[in-house]
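Colleague: Sequence first, then the predicted structure, then my questions.
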Amino acid sequence: MMLKTHKLFLIWQSDKEAQYLTDMLHQGYKLRKARFITQTFEKTQSTDGTIQLDYQTDSDLTDYLAIAKAAGWELLTTYPALQGKWLYLYHPDVQAQLYTDQQSRIDLFTRIRNHWTAFGVLMILLLIGPSFMNQMTLSRSIAPMILIIAYLYNFVNLTYRIHILKNTTKDL
Amino acid sequence: MTETAFYILLSLLEPRHGYGIIQHVQSITNGRITLGAGTVYGTLKKLQKAELIKLIADTTDKKVYQVTTAGYQQLKAEQQRLQELLHNAEVLNDVENA
């Protein structure tokens, strides 16, 4: 039996998304597919363990998954995005962690931020460039404005997360 | 140098693949440190870029790394720093005995 839920998790909310998927797993719904705002689950027995999200570029995928699988992670599904993939990984040990030090967590969010920012800037240039040449009307400027705000919002939130991580190191 | 980078470099005095590093670090720290797969992969990439480690074998699904001369020198420098820390911390023993 399949179950679909519709929840919006924004890019910097990957930990919240992972927690939701882990809770569903403990209730016996194992993730099969994740797309934008739709999560597809398969009914199984209630299972222990943890689901965590990761983002890797396509060129790193094979090598990375070799290490992750050897360490006991099972790849449930992927979600392609910008020359890379979101990875939904499951580990039977609820304590297992993909990222075990502060620096590598900061690196992960920096990687995500840089990827999305580069893409956002490109999209904005492609949209704004032609509009300037053929005199922009108010109605035609709405879509680019929404996009710009969305990417800025994304950038600010990821930067804020990185900032929080940098300030929560255990060292004095 | 972070603890993670130090232990990964130290593991690579001998050729090892990613999961081999995780197991080795777990063993020499008596289970205190279980490095995450994402942490190991990211750190290996950084160490390779800094030329502190090199790829010595690339079979079907396992990449094997080993420390370079520069990496070995970094480890020696870190060892000296740690020895200095330990030496200076001995002042604590005098406080306890007084």
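Modeller: Cool, the structure landed.
Colleague: CA only for contacts and neighbour counts going forward, please
Modeller: Will do.
Colleague: where along the chain do the strands fall?
Modeller: As the question left the chain open, I've gone with chain A. A:2-6, A:29-35, A:38-43, A:50-57, A:74-80, A:84-91 (DSSP state E).
Colleague: actually chain B
Modeller: Using DSSP E, strands in chain B cover B:16-17, B:53-58, B:63-67.
Colleague: can you redo those as a markdown table with mean neighbour count and distance to chain A?
Modeller: Listed next are the strands of chain B as a markdown table, based on neighbours: other CA atoms under 10 Å in any protein chain shown; distance: least, CA to the nearest CA, whole Å:
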| stretch | mean neighbour count | distance to chain A |
| --- | --- | --- |
| strand B:16-17 | 22 | 8 |
| strand B:53-58 | 17 | 10 |
| strand B:63-67 | 22 | 8 |
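Colleague: Which of those strands comes out lowest on mean pLDDT?
Modeller: Per-stretch mean pLDDT for the strands of chain B is lowest at strand B:53-58 (a mean of 90).
Colleague: Who are the packing partners of that one?
Modeller: helix B:37-49, strand B:63-67 (3 or more CA pairs under 8 Å, 6 or more residues apart in numbering or on different chains; DSSP states H and E).
Colleague: now, of those, which is deepest in the fold?
Modeller: Mean neighbours per residue, mean count of other CA atoms under 10 Å in any protein chain shown, is largest over the helices and strands packed on strand B:53-58 for strand B:63-67, with a mean of 22.
Colleague: Grab the nearest non-local neighbour of the residue of chain B found nearest chain A.
Modeller: In chain B, the residue that lies nearest chain A is B:Gly36 (4.3 Å; CA to the nearest CA). Excluding the flanking residues, the one nearest B:Gly36 by CA to CA, 6 or more residues apart in numbering or on different chains is A:Leu98, at 4.3 Å.
Colleague: ok, that neighbour touching B:Thr34?
Modeller: No - A:Leu98 lies out of contact with B:Thr34 (CA atoms under 8 Å); the separation is 10.0 Å.
Colleague: So the two - more neighbours on which side?
Modeller: A:Leu98 (23 against 18; other CA atoms under 10 Å in any protein chain shown).
Colleague: Could you list the low-confidence segments of chain B?
Modeller: B:60-61, B:96-98 (pLDDT under 70).
Colleague: Flag every residue of it that's near chain A.
Modeller: Chain B comes close to chain A at residues B:4, B:18-19, B:34-39, B:41-43, B:61-63, as judged by CA under 8 Å from any CA of the partner chain.
Colleague: per the record, what domains does chain A have?
Modeller: Per the record, chain A has its domains at A:2-91, A:102-166, by automatic domain parsing.
Colleague: Confidence-wise, which of those is weakest overall?
Modeller: domain A:102-166 (a mean of 80).
Colleague: distance between the ends of that one?
Modeller: Domain A:102-166 has its terminal residues 8 Å apart, counting by CA to CA, to the nearest Å.
Colleague: got the residue ranges for the helices in chain A?
Modeller: Listed in chain order, the helices of chain A (DSSP state H) span A:14-26, A:61-70, A:102-133, A:138-166.
Colleague: tell me how far the last one is from the chain's mean position?
Modeller: Translated: helix A:138-166. Computed by CA atoms, centre = their mean, to the nearest Å, the separation of helix A:138-166 from the middle of its chain amounts to 15 Å.
Colleague: elements contacting that helix?
Modeller: Using 3+ CA pairs under 8 Å, 6+ apart: helix A:138-166 touches helix A:102-133.
Colleague: and the helix it packs on, what does it pack onto?
Modeller: strand A:50-57, helix A:138-166, helix B:37-49.
Colleague: deepest of these, which one?
Modeller: Scoring the helices and strands packed on helix A:102-133 by mean count of other CA under 10 Å, the most buried comes out as strand A:50-57, with a mean of 22.
Colleague: what's that one in contact with?
Modeller: Residues from elsewhere that reach strand A:50-57 (CA atoms under 8 Å, 6 or more residues apart in numbering or on different chains): A:14-15, A:18-19, A:21-22, A:83-98, A:108, A:112.
Colleague: Name the strands paired with it and say parallel or antiparallel.
Modeller: strand A:84-91 (antiparallel) (DSSP bridges).
Colleague: Just the CA trace of stretch A:106-114, in PDB.
Modeller: The C-alpha trace of stretch A:106-114 is given here as PDB (Å, rounded to 0.1, in the frame of the first residue of the first chain):
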ATOM      1  CA  ILE A 106      29.300  23.800   7.500                       C
ATOM      2  CA  ASP A 107      30.900  22.500   4.200                       C
ATOM      3  CA  LEU A 108      27.600  20.700   3.300                       C
ATOM      4  CA  PHE A 109      25.500  23.800   3.700                       C
ATOM      5  CA  THR A 110      28.100  26.000   2.000                       C
ATOM      6  CA  ARG A 111      28.100  23.500  -1.000                       C
ATOM      7  CA  ILE A 112      24.300  23.700  -1.200                       C
ATOM      8  CA  ARG A 113      24.200  27.500  -0.900                       C
ATOM      9  CA  ASN A 114      26.900  28.000  -3.600                       C
END
